[in-house]
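Trainee: Make a model of this:
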Amino acid sequence: MTRPAQAISAPHMRDVQPQPSLIDKLDALKDLPGFWEGTGFSLIARPHSGPDAKNGLFLQLNLLRESIEFTTIGSPVFNRGSEQGDIAIYGVTYLHRVTDAVTGSALHIEPGMWLNIPATTAPAADASIARLGTIPHGNAFCTVGFTQRAEYDRIPEIPPANVMPFPVGGQPPPPGTTNHFEEYDLSVATAMRSQPLPDGITQALVNDPNQMIRDTLARQVNQEGKVLNWITRLITTTSDNRSIGNIPFITTNANTLSLESVFAIESVTDASGDEFMQLQYSQTTLIEFRGRRHPHITVGTLTRAF
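Mentor: Here you go, the predicted model:
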């Protein structure tokens, strides 16, 4: 005998309100999703031992090839509140790859996330941006910052990046202070600096890596067929040693203390009216060893390719 067919009840339906676009919820991050590639520069003083290392450091200088791929997180991330109501966070994941522009060798890989965080009442805080990342040396960080929108009809003023080491417990020297570390003076021959130096690394760049960003913007102004018209979202994030985690080896040998970064998402219009997206950044990490704090600075300019 065959069993009688059972009636299939209709599923319970409920009215679902349409959700705002995920891209709109990204706010200042909404132009990031996609694949970006470009070039940059890295300056890092790293610990070095031996009779030639009288300052206990080696200055590594690299021209960079970079790519960053951003992917939208496909749904809101709910943080449940106890002192206030729940909040929803929207964001993107990213993978940043960096190689040496001359040799093609690997220098850096960093997976992470950028998050758009709404204003809160507990704690009382304005809307903010967070960047979370991990580094295979054994570092993880969470930086928090803010965004602003700006439109420029001239090259914006970009403050210098401070490259000079300074004593633990002291303050960074003011911009323009003479750097007495011979490793930073390209006119002084030393085994404690990258050799041979690639074409394009100049004393001006070593003194202030942000000069590379200024030079790129200047070329866009002066290049035939280009006009100066930047609409920019600036994303500034900072951290300290409370928001950076290091493996014990890093903490003992080259403790990473803080990270500050400024990312500019730029919409640039050329003379023909065509627009392209450009991402420029400057980042400073403080690394502590042998009684001093050493700025590690990276800068880059990337264009959205896809």
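Trainee: and the helix ranked longest in the chain, how far from the chain's centre?
Mentor: Criterion DSSP state H: the longest helix present in the chain is helix 211-222. Centroid separation for helix 211-222 versus its chain: 19 Å, with C-alpha atoms, centre = their mean, to the nearest Å.
Trainee: same question, stretch 90-103
Mentor: On C-alpha atoms, centre = their mean, the centre of stretch 90-103 falls 10 Å from the chain's centre.
Trainee: Could I get the buried residue list for it?
Mentor: For stretch 90-103, the neighbour count (16 or more other C-beta atoms under 10 Å) marks 90-92, 94, 96-99, 101 as buried. Every residue, glycine included, has its C-beta placed from N, CA and C.
Trainee: and residue 23, that one's in a helix?
Mentor: Yes. The assignment for residue 23 (DSSP: H, G, I helix; E, B strand; the rest coil) places it in a helix.
Trainee: And for it, nearest residue in space, chain neighbours not counted?
Mentor: Nearest in space to residue 23, with sequence neighbours left out and distances taken as C-beta to C-beta, 6 or more residues apart in numbering, is residue 30 at 5.0 Å.
Trainee: neighbours around that neighbour, how many?
Mentor: Counted with other C-beta atoms under 10 Å, the neighbours of residue 30 add up to 18.
Trainee: Model confidence for it, exactly?
Mentor: pLDDT recorded at residue 30 is 92.
Trainee: go on, the one 4 residues further on?
Mentor: Residue 34 is assigned 95 on the pLDDT scale.
Trainee: What separation is there between it and residue 75?
Mentor: Counting by C-beta to C-beta, to the nearest Å, the separation of residue 34 from residue 75 is 19 Å.
Trainee: just residue 153 next, same as before
Mentor: Taking C-beta to C-beta, one finds residue 153 at 40 Å from residue 75.
Trainee: go on, residue 47?
Mentor: For residue 47, the distance to residue 75 - C-beta to C-beta - is 44 Å.
Trainee: Next: residue 246.
Mentor: From residue 246 to residue 75 the distance is 32 Å (C-beta to C-beta).
Trainee: and residue 170, how many neighbours?
Mentor: Using other C-beta under 10 Å, residue 170 is surrounded by 9 other residues.
Trainee: May I have the phi/psi pair for it?
Mentor: phi -100, psi 180 (degrees, to the nearest 10).
Trainee: low-confidence ranges in the stretch 1-150 of the chain?
Mentor: Scanning the stretch 1-150 of the chain for pLDDT under 70 picks out the ranges 1-20.
Trainee: which residues of it fall in helices?
Mentor: Applying DSSP state H, counting those that start in this stretch to the stretch 1-150 of the chain gives helices spanning 22-26.
Trainee: quick revisit: ok, residue 246 and residue 75, which is more surrounded?
Mentor: residue 246 (20 against 10).
Trainee: pretty sure residue 136 contacts residue 111?
Mentor: No. The criterion here is C-beta atoms under 8 Å, and residue 136 misses it with residue 111 at 9.6 Å.
Trainee: more crowded one of these two?
Mentor: Taking neighbours as other C-beta under 10 Å, residue 136 and residue 111 compare with residue 111 leading, 14 against 10.
Trainee: Return the residues in contact with that one.
Mentor: For residue 111, the contact set (C-beta atoms under 8 Å, 6 or more residues apart in numbering) comprises 93-96, 133-134.
Trainee: What residues are bridge-paired with it?
Mentor: Beta-bridge partners for residue 111, by DSSP bridges, are residue 95.
Trainee: For residue 190, give me the backbone phi and psi.
Mentor: The phi and psi values for residue 190, taken as degrees, to the nearest 10, are phi -150, psi 150.
Trainee: My read is that residue 74 contacts residue 22, right?
Mentor: Yes. Using C-beta under 8 Å, residue 74 is in contact with residue 22, at 7.1 Å.
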